[in-house]
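Visitor: coords please:
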Amino acid sequence: MIRRRPPAETASAHRDGPASSAQPHVPVLLGEVVESLKLEGGLAVDGTFGAGGYTRALLAADSTLKVIGIDRDPLAIAGGQALVCEAGGRLRLVPGRFGDLDALLTEVGESHVDQVVLDIGVSSMQLDVPERGFSFRNDGPLDMRMGNDGLSAADLVNEADETVLADIIYHYGEERRSRAVARTIHEARRRGRIETTAQLAELVASVVWVEPGSHIHPATRTFQGLRIAVNDELGELVRALHAAERVLAPGGRLAVVTFHSLEDRIVKQFFAARSGRAAQGSRHLPVGQAETIRSFRLVTKGPVLPGEAEIARNPRARSAKLRAAERTESDLPEPLAALHALASLPDAARGGHRR
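Guide: Now for the predicted structure:
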């Protein structure tokens with residue numbers, strides 16, 4: 001039984017927000033991103049093209065710059081064709097995952113670039129369309145896939161082992177009641193498949209209660225965890241950081257905008273290790289790894305946060321963080337295996353931690 005009607009869905013750790021399906025995606029920290037990339041012509045990669053906000057700003061900021069936009073969402077690629085025409089030969093769109101950006105560049109005849117920007121997470125254009133199944137604001141099929149491939153959220157919810165489901169919701173969604181949520185889902189699916197966002201949201205709201213006065217829906221964290229798992233978002237981020245490291249020319253810059261602590265932790269640890277700032281040790285990155293080759297020089301000494309004015313204009317910006325670094329002339333280091341551990345369900349999670 002649902003004890004009380006949950007509040008309307010609001011901005012979560014990702015860019016969820018006002019309910020209008022016509023609302024365009026507003027790029028966050030736009031001016032700060034452009035400034036951090038130090039545009040001086042050449043070739044840039046927008047690894048998460050989306051609605052084209054960052055790409056449009058890059059093209060406008062430097063009339064000699066060319067951009068390659070990458071997106072795994074076919075609707076984003078189709079929607080960007082007008083900007084391709086407007087850019088007059090300075091923009092190419094490439095379908096694919098940003099974790100494969102180095103391979104995708106090779107396919108279009110490029111080996112090195114001067115800037116890479118990554119805007120991590122789900123976009124408004126995905127959240128605000130009920131048919132995509134990302135949001136519980138309006139009922140829709142339980143999908144959550146950014147592309148058209150792989151298992152959907154419905155597949156995961158209805159077929160995953162209860163323990164694995166609890167681990168996903170706890171680790172990726174940071175939901176403290178994950179075991180109760182997974183148990184409720186497991187019991188419900190015995191009676192029939194869970195196929196819609198409304199079904200799942202109602203189940204979660206029956207065992208997760210919000211604090212009085214809170215504007216966060218009880219299902220927010222569960223939906224986040226499932227979405228990250230369905231799209232392997234953290235694994236894609238780790239692969240993208242290493243891919244950007246491989247393709248950036250000396251002096252080239254990488255800017256990454258994240259929206260929750262799991263993403264930011266990965267980016268922070270990557271830049272710390274690659275710039276030598278992790279030399280004093282980290283429980284995630286061993287000292288030996290941190291002290292090898294310094295392939296990046298930090299541009300931002302800490303995260304750049306949105307100002308009050310931007311948050312007032314765009315509440316979805318409130319959890320955003322920008323980190324940027326410049327590629328040095330060093331050789332290419334070995335991949336950081338510890339980052340893959342950060343992106344995966346920890347072994348400890350399967351050992352029965354309290355939820």
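Visitor: average pLDDT for whichever strand in the chain runs longest?
Guide: Using DSSP state E to define each element, the chain has its longest strand at strand 248-258. Throughout strand 248-258, pLDDT has a mean value of 98.
Visitor: may I have the helix or strand just after it as PDB, with CA atoms only?
Guide: With elements assigned by DSSP states H and E, the helix or strand that comes after strand 248-258 is helix 261-275. Taking Å, rounded to 0.1, in the frame of the first residue of the first chain, the C-alpha atoms of helix 261-275 are listed here in PDB:
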ATOM      1  CA  SER A 261      29.100  11.900  -7.400                       C
ATOM      2  CA  LEU A 262      29.800   8.500  -9.100                       C
ATOM      3  CA  GLU A 263      30.600  10.200 -12.400                       C
ATOM      4  CA  ASP A 264      32.600  13.000 -10.800                       C
ATOM      5  CA  ARG A 265      34.600  10.600  -8.700                       C
ATOM      6  CA  ILE A 266      35.800   8.700 -11.800                       C
ATOM      7  CA  VAL A 267      36.800  12.000 -13.600                       C
ATOM      8  CA  LYS A 268      38.500  13.300 -10.500                       C
ATOM      9  CA  GLN A 269      40.500  10.100 -10.000                       C
ATOM     10  CA  PHE A 270      41.500   9.900 -13.700                       C
ATOM     11  CA  PHE A 271      42.800  13.500 -13.800                       C
ATOM     12  CA  ALA A 272      44.500  13.100 -10.400                       C
ATOM     13  CA  ALA A 273      46.400  10.000 -11.600                       C
ATOM     14  CA  ARG A 274      47.300  11.300 -15.000                       C
ATOM     15  CA  SER A 275      48.500  14.700 -13.700                       C
END
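Visitor: name the residues of helix 261-275 that are buried.
Guide: 262-275 (16 or more other C-beta atoms under 10 Å). All C-beta spots, glycine's among them, are computed from the backbone N, C-alpha and C.
Visitor: of those residues, closest to G192?
Guide: L262 (32.3 Å; C-beta to C-beta).
Visitor: for the closest one, which non-adjacent residue is spatially closest?
Guide: L234 (6.1 Å; C-beta to C-beta, 6 or more residues apart in numbering).
Visitor: next, the angle from the host helix or strand of the one you found to helix 261-275.
Guide: Using DSSP H and E, L234 sits in helix 233-247. Angle, helix 233-247 to helix 261-275, by axes from the mean of the first three to the mean of the last three C-alpha atoms, to 10 degrees: 20 degrees.
Visitor: may I have helix 233-247 as CSV, with CA atoms only?
Guide: Extracted C-alpha coordinates of helix 233-247, given in CSV (Å, rounded to 0.1, in the frame of the first residue of the first chain):
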residue,chain,number,x,y,z
GLU,A,233,27.1,4.8,-18.3
LEU,A,234,30.1,4.6,-15.9
GLY,A,235,31.9,2.1,-18.1
GLU,A,236,31.3,4.3,-21.1
LEU,A,237,32.8,7.2,-19.2
VAL,A,238,35.9,5.3,-18.2
ARG,A,239,36.4,4.2,-21.8
ALA,A,240,35.8,7.7,-23.1
LEU,A,241,38.5,9.2,-20.8
HIS,A,242,41.1,6.8,-22.0
ALA,A,243,40.0,7.2,-25.6
ALA,A,244,40.3,11.0,-25.3
GLU,A,245,43.7,10.6,-23.9
ARG,A,246,44.7,8.6,-26.9
VAL,A,247,43.4,11.0,-29.6
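Visitor: and that helix with strand 248-258, angle?
Guide: Angle of helix 233-247 versus strand 248-258, following the same axes, to 10 degrees, is 160 degrees.
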